[in-house]
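Undergrad: predicted structure and sequence below. I'll ask about it afterward.
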Amino acid sequence: MEYQINICAEEILYSKDAGFIIQKPHIRMFLESKLGDFLTGFIQNTIWTMINIFNFFKTSPNVGKSNETQFVPISDSTIYIDVTSTWEQKSTGGIARVSKKIADTAFRSAKAVPVILKDGKLRTADNFQKIVSLKARDIYVIIDCFWYPYAEYQEVITYAQSIGIKVAICIHDIIPLKFPALMAYNFESTFAATMPWMVEHADILFTVSKAAALEIKAYCEQANITIQPEMIHAVRPGSDAVLEAEGSIRPSLKIALDFPKTFISVGTLMPHKAQHLAITAFTKLWAAGYDGCRYVVIGKADKAFLATVTAILKNPFYGTRLFWFEDTNDAEIDYAYYHAHCLIQPSIAEGFGIPVAEALARGLPVLASDIPVFQEVGGSNFTFFAAGNSDDLADKITDLSHSDLPRTHKFIRSWEAMLDDLIDILAAE
């Protein structure tokens, strides 16, 4: 109980968005246990009312600086990289991270121009949001979520191709189609309804791994979606040797990692990432009397799937051997990478898996499920367990807990290298 009180206090202190604090599952469950459902709901509604009133009168800095001036390209042929979903929805996760990094790299290198769709117009993805006028020989790239905003994308793509512009679209993975039961809000229907049109109208398709490319090709063949085998390219994402380490590191994170054999998982708590499988494996070991390891879960809760959150908060070892940090900043994630014994990625499906690349960049040992993409990314540098098998995972955890794992191998691929590879593909097609 003392740990729960301390962790709730820290969330309030370190959270970057106080308005969402009471929505955090562990904080809400704690408040309900003390105050009851009615009083907790009343507090939540009061906070949201105050926030909405404040937001109504507050002018967004991006909107306030928008104008209707034209963006003037610096060359006859310009590559525009669309990051609308990440920009508008403030998205997090793997797709958003790739989109943000490529947009930032494009902007800094001046090799491409990040854009967003807003009010029916393409605009530069910056505070000025200048209107972009596409012209023949330009290249339009959707690297973000192709299903949002789908109708507007259809209009832009149709117009762009009518004036001689090549369109490239990224499909990061087809997890919603392979594992529909693991998706929220009937999302597989949205994905299945939008993907065929995008595939058939793209001049160039690319994804983030060879494994994902094979899965996309196989699905298209099975679903009778027109696609040329040589049409889809794999462009491997980059990783950061050091994250943009801004922000304080909370004391409880340091305490959780202050143990010789601490394993971590990084990523949103979603069913296909299977953190629940690792929790099951660790709990078996601890219940049997083994106390040679800790498990620290780092990642936001997916509000549509709270089973993993419940498994953490109600675990008898929560706060002593099992820890969860939801609202972490880059400095804290970096700290965890450098102080952990090993990264565990128990996913049953991934398009790529940014955390394993970030672990490779730091020489942090990785224990991963034996899915094709992790074998592609890690090869002999990873230790693998049978995907979905908690007993095999528990055995591998025990083996690695008894070993002093060296941080010797480091593989760093820059985000500029990913952008350059993408540009080469665009130029060759």
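TA: That came through, no problem. What you see is a predicted model, and the numbers here were worked out from it, not measured in a lab.
Undergrad: rest of the way, CA atoms for contacts and neighbours
TA: Noted.
Undergrad: for this structure, what helix or strand is lowest in average pLDDT?
TA: Sorted by mean pLDDT, DSSP states H and E, the helices and strands of the chain end with helix 61-64, the least confident at a mean of 32.
Undergrad: which other helices and strands does the helix or strand following that helix contact?
TA: Counting by DSSP states H and E, the next helix or strand C-terminal to helix 61-64 is strand 79-82. Helices and strands touching strand 79-82, by 3 or more C-alpha pairs under 8 Å, 6 or more residues apart in numbering; DSSP states H and E, are strand 113-118, strand 139-142.
Undergrad: list the buried residues for stretch 110-128?
TA: Along stretch 110-128, these residues count as buried under the neighbour rule (16 or more other C-alpha atoms under 10 Å): 111, 112, 113, 114, 115, 116, 117, 122, 123, 124, 125, 128.
Undergrad: per-residue pLDDT, the first one?
TA: Read it as residue 111. You'll see residue 111 listed with a pLDDT of 95.
Undergrad: for the closest residue to it other than its chain neighbours, give the beta-bridge partners.
TA: Excluding its sequence neighbours, the residue lying closest to residue 111 (C-alpha to C-alpha, 6 or more residues apart in numbering) is residue 79, at 7.6 Å. Under DSSP bridges, the beta-bridge partners of residue 79 are residue 139.
Undergrad: counting neighbours, what do you get for residue 79?
TA: 25 (other C-alpha atoms under 10 Å).
Undergrad: distance of it from residue 132?
TA: 12 Å (C-alpha to C-alpha, to the nearest Å).
Undergrad: swap in residue 313?
TA: The gap separating residue 313 from residue 132 is 49 Å, by C-alpha to C-alpha.
Undergrad: same check, this time on residue 297
TA: 42 Å.
Undergrad: what does residue 351 give?
TA: Taken as C-alpha to C-alpha, the span from residue 351 to residue 132 is 31 Å.
Undergrad: residue 302 too?
TA: Using C-alpha to C-alpha, we find residue 302 at a distance of 35 Å from residue 132.
Undergrad: just want to know which of these two has more residues nearby.
TA: Set residue 302 next to residue 132 and count neighbours by other C-alpha under 10 Å: residue 132 wins out with 21 against 16.
Undergrad: tell me the contacts of that one?
TA: 70, 71, 72, 121, 122, 123, 124 (C-alpha atoms under 8 Å, 6 or more residues apart in numbering).
Undergrad: any chance of these in JSON lines, plus distance to residue 206?
TA: Shown next, in JSON lines, are these (distance: C-alpha to C-alpha, whole Å):
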{"residue": "70", "distance to residue 206": "30"}
{"residue": "71", "distance to residue 206": "27"}
{"residue": "72", "distance to residue 206": "28"}
{"residue": "121", "distance to residue 206": "25"}
{"residue": "122", "distance to residue 206": "22"}
{"residue": "123", "distance to residue 206": "23"}
{"residue": "124", "distance to residue 206": "23"}
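Undergrad: and which of the residues you listed is nearest residue 137?
TA: residue 72 (15.1 Å; C-alpha to C-alpha).
Undergrad: who's in contact with the residue nearest to residue 111?
TA: Residue 79 neighbours (C-alpha under 8 Å, 6+ apart): 111, 112, 113, 138, 139, 140, 141.
Undergrad: thinking again about what came up before, show me which pair in the contacts of residue 132 is furthest apart.
TA: Among those, the pair separated by the greatest distance (C-alpha to C-alpha) is 72 and 121, at 15.1 Å.
Undergrad: so residue 240: helix, strand or coil?
TA: Assigned with DSSP: H, G, I helix; E, B strand; the rest coil, residue 240 falls in the coil class.
Undergrad: burial count for it?
TA: Counted with other C-alpha under 10 Å, the neighbours of residue 240 add up to 19.
Undergrad: quick one: secondary structure of residue 277?
TA: Applying three-state DSSP: residue 277 is helix.
Undergrad: pull the contacting residues for the closest residue to it other than its chain neighbours.
TA: Closest residue in space to residue 277, ignoring its immediate chain neighbours: residue 390 at 5.8 Å, by C-alpha to C-alpha, 6+ apart. Applying C-alpha under 8 Å, 6+ apart, we find residue 390 in contact with 277, 278, 280, 281.
Undergrad: looks like the second one contacts residue 393 (just checking).
TA: What it means is residue 278. Yes: Residue 278 lies in contact with residue 393 (C-alpha atoms under 8 Å); the separation is 7.3 Å.
Undergrad: from residue 219, how far out is residue 173?
TA: Counting by C-alpha to C-alpha, the gap from residue 173 to residue 219 is 11 Å.
Undergrad: neighbour-wise, which of those two wins?
TA: More crowded of residue 173 and residue 219, by other C-alpha under 10 Å: residue 173, with 21 against 15.
Undergrad: does the nearest residue to the more buried one once chain neighbours are set aside belong to a helix, a strand or coil?
TA: Once flanking residues are discounted, residue 173 sits nearest to residue 351: 4.6 Å by C-alpha to C-alpha, 6+ apart. Recorded secondary structure, residue 351: coil (three-state DSSP).
Undergrad: from start to finish, how long is stretch 228-240 in a straight line?
TA: Using C-alpha to C-alpha, the end-to-end distance of stretch 228-240 comes to 34 Å.
Undergrad: how about residues contacting that stretch?
TA: Residues from elsewhere that reach stretch 228-240, judged by C-alpha under 8 Å, 6+ apart: 98, 204-210, 212-213, 217, 354, 357-358, 361, 412-418, 421-422, 425.
Undergrad: so which of the residues you listed are in helices?
TA: In helices, judged by DSSP state H, the following of these are found: 98, 210, 212-213, 217, 354, 357-358, 361, 415-418, 421-422, 425.
Undergrad: give the buried subset of those as a ChimeraX selection command.
TA: The ChimeraX selection below is limited to those of those classed as buried (16+ other C-alpha under 10 Å):
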select :98,210,212,213,217,354,357,358,361,415,416,417,418,421,422,425
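Undergrad: next, give me the two most distant ones among the ones in helices among the contacts of stretch 228-240.
TA: Going by C-alpha to C-alpha, the pair spanning the ones in helices among the contacts of stretch 228-240 furthest: 217 and 361, at 29.9 Å.
Undergrad: residue contacts, the spatially most central residue of the chain?
TA: Central residue of the chain (C-alpha atoms, centre = their mean): residue 93, 1.7 Å from the mean position. When contacts are counted by C-alpha under 8 Å, 6+ apart, residue 93 touches 267, 268.
Undergrad: that concludes my questions; thank you for your assistance.
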